[in-house]
Every structure is written in C-alpha cells, then in structure tokens.
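In: predicted coordinates and the sequence they were generated for:
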Amino acid sequence: MRLPVLAALAVLTACGGIAGCATAMGPQAAATTPKTAPQSAPQTSGAAAAYSPRGMVASANPLATEAGLRVLREGGSAVDAAVAVQAVLGLVEPQSSGLGGGSFMVFYDARTGKVTAYDGRETAPAGATPALFLGEDGKPVSFISAVLSGRSTGVPGAVAMLAQAQKEHGAIGWDRLFLDAEQLADQGFVVSPRLASMINGRAPQGQTPDAAAYFTKPDGQRYQAGDTLKNPAYAATVRRLAAEGASALYEGPLAQAIVAKLHEGERPSAMTLADLKAYKPRSADALCRPWKVYSVCVPNPSSSGVSLLQALLMLEHTDIAKRGPKDPVAWTQIAEAERVMYADRDRYVGDPGKVTVPIEGLLEPAYVKERAKLIGTSAGPAPSFGLPKGAPKVGPDSTVEPGGTTHFVIVDAAGNVVSMTTTVESIFGSGRMVGGFFLNNQLTDFNFAPTDKDGLPGANAVAGGKRPRSSMSPVVVLDKKGKFLAAVGSPGGSAILSYNLKAMVGVFDWGLSMQDAVALPNLVARGDVFSGEVNRFGPELTAALQARGVMVKEGQNENSGLHGVIVRPNKAGGGGRLEGGADPRREGVAKGLE
C-alpha cells in the first residue's frame with residue numbers, strides 16, 4: 001500500500017464519464033470554457049496532464065491522494081474521500097494541517113447543482129478577552145511567545161466540519177474512512193523531503209518538548225528524509241474517531257487531554273471542556289458571483305473569499321485577458337488588484353457572527369468599478385481602504401498571518417466535488433501535541449491589539465467565541481449552465497488570495513492548462529511590498545516589472561501549494577474529462593481513477 005514519497009511534482013489527471021461532464025461540455029462549451037489552446041508560460045513545471053474517465057484526487061502528498069482514491073474505488077463520495085485525505089495529511093504532513101486544526105470546504109452537489117460552504121474554522125474559548133495576547137505592560141506580546149502559549153489554540157473545527165458534511169453527503173460508512181491513516185501510523189510511513197526539512201528546521205514549534213520527543217529517533221538524531229516514522233498514538237486516535245465519531249475529539253479522554261495541554265505554561269488558555277463540547281461547524285450556501293460567463297463560489301466570511309471575488313471582478317475592468325503570462329503590464333494589473341483587495345480585506349473582513357462584514361457593498365458593481373480605477377499599467381501609491389455600502393466604522397488591522405496550510409480537490413464518479421483548504425496555522429501549529437497530533441495556533445490569526453489609538457476595535461479583534469479571519473478561500477467554478485467546471489485552492493497564509501488569483505487568471509484569462517497556471521510565478525502585492533519569485537519571472541520580466549514600479553523582491557511568504565481540477569472537452573467525444581494540476585513547489589500529486 002505504501003507509495004514512494006515524492007520530492008517533486010507528479011501530475012495525473014482524470015474524469016470523463018462522470019455525471020455532469022457531458023452536460024457541462026455540451027453545445028455551449030465554447031462560451032463556457034477557457035481557451036483550449038494554452039499559451040506558453042514562464043517557468044512552468046513541464047509536467048504533462050493525463051486523463052481518465054473517472055474521478056480524481058489532487059492533494060499535497062501521494063499517500064493522502066492514494067487514501068482518497070481507495071475510498072472512491074469503494075464507492076465513496078468526494079466528501080468520504082476528503083475525510084480519508086485529511087486523516088492521512090494530518091499524519092504525513094503535520095506541519096500543515098491535522099485533526100487539531102480547522103478548514104473551509106466548498107462542496108458541489110452534482111445531483112442538485114447546489115454549492116455549499118462548510119466552515120470548520122476554530123473558535124476562541126468563551127473566556128477569551130480582547131487582552132488575550134497583551135503582556136503585563138498592556139502591549140502585545142511577541143508573535144512567537146503567543147504561538148507557543150496555550151492561548152494560541154482555538155477549538156479545533158476540521159473534524160466536526162467533515163463529520164457534518166459526511167453525514168449529509170457520505171456514501172459509505174464513517175468507520176471506513178480512517179483505515180489508511182491507521183495503517184500508516186501503526187506500520188510507519190516514509191518521511192518526505194519536505195517534512196524532513198521542517199523537522200530539522202529552525203521553527204520554534206519544532207523545538208518544543210512534544211515535537212522533539214516525536215521527531216527524535218532512539219539514537220538521539222532527528223528523522224531524515226527516507227526514514228520510517230511511526231505514530232502509535234495517532235493510530236489510537238483515528239481508531240477512536242472511526243468507532244465513536246467526531247464526538248471522540250470534543251468529549252471524553254481526548255478533550256480532557258487537549259484542555260490539560262493548553263493549561264500548561266505561563267500563558268495558559270481559557271479553554272474548557274464546555275468550549276470543546278459546544279463547538280458547531282457552520283454551513284450555508286456558498287458565496288457565489290457571476291464572473292465572465294461563469295459563476296465563482298467561495299466560502300463565506302470569516303474566510304476572505306469575498307476579497308478574491310472582488311479582485312476577479314476588478315480585473316474584468318482591465319484588458320488583462322488580452323495579454324498573457326509574459327506581459328509585464330498583465331502582472332502589474334494583478335499586483336495593483338491585489339493591493340486594493342488587501343486594503344479592503346484587512347479593514348473589513350472578520351467573523352460575521354461578531355462584526356458586520358459589508359459583503360454586498362464590497363461586491364457591488366459600482367463599487368468594484370470605482371476601485372478598479374486604481375489598477376493601472378504602472379504601480380501607483382499604496383491604496384487605502386474604500387468605503388463600500390454598509391461598511392462599519394472599524395479600526396485598522398495589523399494581523400500577522402504565517403503559513404502552515406494545505407489544499408486538496410476531489411471529484412468523485414458521480415461528479416460531486418470538494419475543494420478544501422485546511423490548516424493548523426503555523427508550522428506544526430503551536431508545537432503542542434495530544435493523541436499523536438499537533439494543536440493549532442489559530443488564534444494568532446486575530447489582531448493582537450484590541451483597539452486603535454482612538455479606542456476603535458478592528459474587525460478582526462479578539463472576542464470570546466469568535467472565529468479569526470482567514471485567508472483560506474477554496475474555489476469552485478460553475479459554467480453558464482450551473483455545472484461544475486473547475487476547482488482550485490492553495491495554502492500560503494495571507495498570500496493564499498494572491499496564489500488563487502493568479503491561477504484563476506492563468507486558466508480563464510490566459511488559456512493555460514491547470515498545471516501551467518498553478519506553476520506560474522507567484523507575486524504578492526500588499527501595501528508598498530511586492531513579494532515575488534524573481535527566479536521564476538526571469539531577469540527580463542523582473543526588470544520590466546521594476547520599470548513599472550513593481551519592485552519585485554524575493555519574498556518571505558509561505559510557498560504556494562496550489563491544486564486544481566478543470567473539466568475539458570473530450571477530443572474523442574462523449575462528454576468531458578478532468579485535467580488536474582499540482583504545484584511544483586511542493587510534493588503534491590493529482591491522480592485519477594484508472
């Protein structure tokens with residue numbers, strides 16, 4: 001069952017013959033699909049897409065992809081496979097996501113055409129106060145001190161969210177979904193190069209007593225790439241989850257262990273057993289808006305998907321679709337759209353259960369058109385936030401949002417689709433472990449300073465029971481008939497929005513394959529900072545961008561880990577087929593059912 005662990009990209013793709021593909025690629029295909037003759041793109045991975053007549057899993061680790069495929073082969077749904085994928089990722093990619101973290105899922109139901117957004121974002125304990133991350137002097141503590149403290153952890157939401165979605169859309173038993181994770185934890189899995197680099201890196205969370213005990217071999221040396229790592233505690237946890245359901249995490253011994261762990265140290269958490277038991281995931285119609293001839297669907301706030309929609313709509317007011325990936329003007333337009341997007345996002349987006357988020361105002365056509373006027377062919381001054389209709393009076397934001405996240409896309413044989421971004425926040429979360437998994441540090445996604453100098457709270461200020469703002473924004477795209485067309489998403493902290501934006505532009509404006517689109521250079525523009533991949537842009541394009549005021553410097557953002565799937569016309573006729581892409585910057589693989 002064990003696969004060789006890959007250090008680089010492997011791309012296989014699938015679909016065709018799945019329910020919905022034929023209708024999605026009917027007579028209107030030319031009007032509802034991107035250009036079918038991909039342009040060349042700078043610094044792509046060179047991996048060729050493959051096709052299959054059945055479902056697909058694209059995830060950040062080949063072991064997780066295989067777990068999802070196993071579930072699909074047994075007749076499981078996309079949501080069933082998502083549970084298996086998450087369970088394995090939490091074991092083999094613990095630096096990014098896990099049972100102790102949170103997530104957002106966008107689900108497309110092929111039978112009804114409905115798109116649902118599931119919110120498994122962590123919540124602050126009821127006893128959390130605006131002074132959560134303030135020291136005795138009343139000033140914010142250092143970021144690392146906050147991360148390593150018990151106060152950084154929110155009530156985990158990923159497991160509860162998956163359980164709700166699986167109850168509504170599962171096709172096989174919940175107890176069948178943890179077999180791969182249990183076996184890999186018991187028998188051991190091969191440490192990948194990326195995990196090894198994190199184990200042997202300098203992140204403080206990797207130096208905690210829990211992490212050191214887990215990642216140190218009997219000979220006193222840390223695990224290296226190619227070593228076999230076992231986690232019997234994780235195997236016991238997933239066995240308990242399989243037998244008892246999600247409640248095993250929120251009540252009983254595991255819940256007691258979580259609370260005890262978070263009460264250790266000089267800055268203990270206020271979390272109680274009641275906080276864990278009271279956690280409820282959210283679900284609602286996804287936030288969808290027309291874009292070109294498509295419909296783009298993202299999660300609702302506290303996700304920042306609304307901001308991604310705003311950026312896409314602003315770029316419709318430019319000529320970017322007539323340009324291409326080697327055009328410095330096109331990249332300048334992307335950068336300027338990002339700067340406006342972040343200015344508004346940082347001001348207004350938060351937990352709608354606690355603050356007013358002006359979603360309609362941010363996406364109102366007149367407002368979008370006015371904000372799009374700030375997008376030029378050269379970089380202008382850093383934009384300030386706008387004043388959309390319904391905007392509350394809130395203070396500025398200074399949230400620090402590091403990366404430690406992953407994304408996967410699953411399409412099952414019936415045409416149902418999961419696009420899910422999931423995280424423990426920073427590398428190895430808070431560095432604290434319970435039951436073989438890391439606990440998140442998600443509450444450091446709040447603004448540490450509760451108010452500005454005038455006493456005005458920010459939209460993302462700490463409050464008891466509140467969900468911190470997230471950049472996670474998994475995407476599902478429908479064609480003009482309301483059928484599934486594409487799904488994409490990425491990790492990357494606050495850069496997630498930029499990574500998703502460039503992939504969407506690459507596929508739908510520039511006609512690239514999904515693989516070439518996710519491999520495009522990354523450019524993250526926020527305020528006066530233009531952070532990018534100079535080597536991938538190359539010297540000529542970098543110089544051309546700098547001549548336009550886009551002073552690209554090698555960035556400090558978490559690398560992207562984009563995964564995407566799109567339905568393409570089947571050249572042989574008989575409907576459509578799926579084309580997938582996996583980011584060459586990580587170890588992901590997209591693979592279809594044979």
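Out: Yep, it's here.
In: show me where the stretch 101-250 of the chain has its strands.
Out: In the stretch 101-250 of the chain, the strands defined using DSSP state E, counting those that start in this stretch lie at 102-108, 115-120, 189-190, 228-229.
In: in TSV, list these along with distance to Thr422.
Out: No exception for glycine: its C-beta is placed from N, CA and C like everyone else's. Converted to TSV, the strands of the stretch 101-250 of the chain look like this (distance: least, C-beta to C-beta, whole Å):
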stretch	distance to Thr422
strand 102-108	4
strand 115-120	8
strand 189-190	19
strand 228-229	21
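In: so of the ones you listed, which one's packed in deepest?
Out: strand 102-108 (a mean of 29; mean count of other C-beta atoms under 10 Å).
In: hang on, the earlier thing: for Arg267, which of the strands of the stretch 101-250 of the chain is the nearest?
Out: strand 102-108 (21.0 Å; C-beta to C-beta).
In: and the closest one, which strands flank it?
Out: Applying DSSP bridges, strand 102-108 is found paired with strand 115-120 (antiparallel), strand 417-423 (antiparallel).
In: mind putting those into TSV with distance to Gly324 and mean pLDDT?
Out: Below are the strands paired with strand 102-108 laid out as TSV (distance: least, C-beta to C-beta, whole Å; pLDDT from 0 to 100):
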stretch	distance to Gly324	mean pLDDT
strand 115-120	30	98
strand 417-423	26	98
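In: if we can go back for a sec, and of the strands of the stretch 101-250 of the chain, who's closest to Met504?
Out: Short answer: strand 102-108, nearest of the strands of the stretch 101-250 of the chain by C-beta to C-beta, at 14.0 Å.
In: from the chain's centre, how far out does that closest one sit?
Out: When distances are taken as C-alpha atoms, centre = their mean, to the nearest Å, strand 102-108 is centred 9 Å away from the chain's centroid.
In: can I get that strand in CSV? Just the C-alpha atoms.
Out: Extracted C-alpha coordinates of strand 102-108, given in CSV (Å, rounded to 0.1, in the frame of the first residue of the first chain):
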residue,chain,number,x,y,z
GLY,A,102,-9.6,23.9,11.1
SER,A,103,-10.7,24.2,7.5
PHE,A,104,-13.1,25.6,4.9
MET,A,105,-14.8,23.4,2.3
VAL,A,106,-16.8,24.3,-0.8
PHE,A,107,-18.9,21.3,-2.0
TYR,A,108,-20.6,21.0,-5.3
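In: what average pLDDT does it get?
Out: Average pLDDT, strand 102-108: 98.
In: next one: stretch 196-216
Out: Mean predicted confidence for stretch 196-216 is 97.
In: cool, stretch 585-594 as well?
Out: 90.
In: pull out the buried positions in that stretch.
Out: Judged by neighbour count using 16 or more other C-beta atoms under 10 Å, the buried positions of stretch 585-594 are Arg585, Arg586, Glu587, Gly588, Val589, Ala590, Lys591, Gly592, Leu593.
In: just give me the residue closest to the centre of the protein.
Out: Thr421 (3.1 Å; C-alpha atoms, centre = their mean).
In: can you put the strands paired with strand 102-108 in TSV and add distance to Gly376?
Out: TSV is the format used below for the strands paired with strand 102-108 (distance: least, C-beta to C-beta, whole Å):
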stretch	distance to Gly376
strand 115-120	34
strand 417-423	31
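In: quick one: which of those strands is nearest Gly361?
Out: strand 115-120 (19.7 Å).
In: show me where the stretch 401-550 of the chain has its strands.
Out: 405-411, 417-423, 433-434, 437-438, 475-478, 484-489, 523-526, 529-532.
In: to Gly581, which of those strands lies closest?
Out: Of all the strands of the stretch 401-550 of the chain, strand 484-489 comes closest under C-beta to C-beta, at 8.4 Å.
In: centre of the chain to the closest one, how far?
Out: 13 Å.
In: repeat that for stretch 577-591.
Out: 15 Å.
In: equivalent analysis for stretch 181-201, please.
Out: 21 Å.
In: what does stretch 149-163 give?
Out: 16 Å.
In: could you export it as PDB, CA atoms only?
Out: This file holds the C-alpha atoms of stretch 149-163, laid out as PDB (Å, rounded to 0.1, in the frame of the first residue of the first chain):
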ATOM      1  CA  SER A 149       1.500  29.600  24.600                       C
ATOM      2  CA  GLY A 150      -1.700  27.700  25.400                       C
ATOM      3  CA  ARG A 151      -3.600  30.800  24.400                       C
ATOM      4  CA  SER A 152      -2.900  30.400  20.700                       C
ATOM      5  CA  THR A 153      -5.100  27.400  20.200                       C
ATOM      6  CA  GLY A 154      -8.700  27.700  19.200                       C
ATOM      7  CA  VAL A 155     -11.300  24.900  19.500                       C
ATOM      8  CA  PRO A 156     -10.500  22.600  16.500                       C
ATOM      9  CA  GLY A 157     -13.100  22.600  13.800                       C
ATOM     10  CA  ALA A 158     -11.900  20.400  10.900                       C
ATOM     11  CA  VAL A 159     -13.100  17.100  12.300                       C
ATOM     12  CA  ALA A 160     -16.600  18.400  13.300                       C
ATOM     13  CA  MET A 161     -17.000  20.000   9.900                       C
ATOM     14  CA  LEU A 162     -16.000  16.900   8.000                       C
ATOM     15  CA  ALA A 163     -18.400  14.800  10.100                       C
END
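In: next, the buried residues of that stretch.
Out: Under 16+ other C-beta under 10 Å, the buried positions of stretch 149-163 are 149-163.
In: got it, and stretch 525-542?
Out: Ala525, Arg526, Phe530, Ser531, Gly532, Glu533, Val534, Arg536, Phe537, Leu541, Thr542.
In: and the second one, what is it in contact with?
Out: Under the criterion of C-beta atoms under 8 Å, 6 or more residues apart in numbering, the contact partners of Arg526 comprise Glu338, Arg339, Tyr342, Ser494.
In: and if you look at the fifth one?
Out: Gly532 makes contact with Pro521, Asn522, Leu523, Val524, Val552, Lys553, Glu554, Gly555 under the criterion C-beta under 8 Å, 6+ apart.
In: and with 7 Å instead?
Out: The contact partners of Gly532, by C-beta atoms under 7 Å, 6 or more residues apart in numbering, come to Pro521, Asn522, Leu523, Val524, Val552, Gly555.
In: go on, Ala487?
Out: Counted by C-beta under 7 Å, 6+ apart, Ala487 has contacts Val409, Val417, Ser419, Val475, Val476, Gly564, Val565.
In: per-residue confidence at Arg266?
Out: I think there's a mix-up here, since residue 266 is Glu and not Arg. 89.
In: what's the closest non-adjacent residue to it?
Out: Ser149 (7.4 Å; C-beta to C-beta, 6 or more residues apart in numbering).
In: one step back: ok, the contacts of Ala487 vs Pro140, which is closest?
Out: Val475 (33.2 Å).
In: ok, now which ones touch Val85?
Out: Val57, Ser59, Ala64, Ala67, Gly68, Phe408, Ile410.
In: tell me which of the residues you listed fall in strands.
Out: Using DSSP state E, Val57, Ser59, Phe408, Ile410 are the members of the contacts of Val85 that sit in strands.
In: of all the residues you listed, which two lie farthest apart?
Out: Largest pairwise distance in the ones in strands among the contacts of Val85, by C-beta to C-beta, is 8.1 Å, between Ser59 and Ile410.
In: need the overlap of contacts for those two.
Out: Gly68, Val85.
In: hang on, the earlier thing: quick one: which of the contacts of Gly532 is most hemmed in?
Out: Counting neighbours by other C-beta atoms under 10 Å, the top entry in those is Val524, with 29 neighbours.
In: make sure Phe385 is actually in contact with Arg347.
Out: Yes: counting by C-beta atoms under 7 Å, Phe385 touches Arg347, with 3.8 Å between them.
In: around Asp285, how many other residues sit close by?
Out: 11.
In: that older thread, ok, the contacts of Val85 vs Val505, which is closest?
Out: Nearest to Val505 among these, with distances taken as C-beta to C-beta, is Phe408, at 21.7 Å.
In: out of the strands of the stretch 401-550 of the chain, flag the one nearest His263.
Out: Of the strands of the stretch 401-550 of the chain, nearest to His263 by C-beta to C-beta is strand 433-434, at 12.1 Å.
In: since that was my last question, I'll sign off now.
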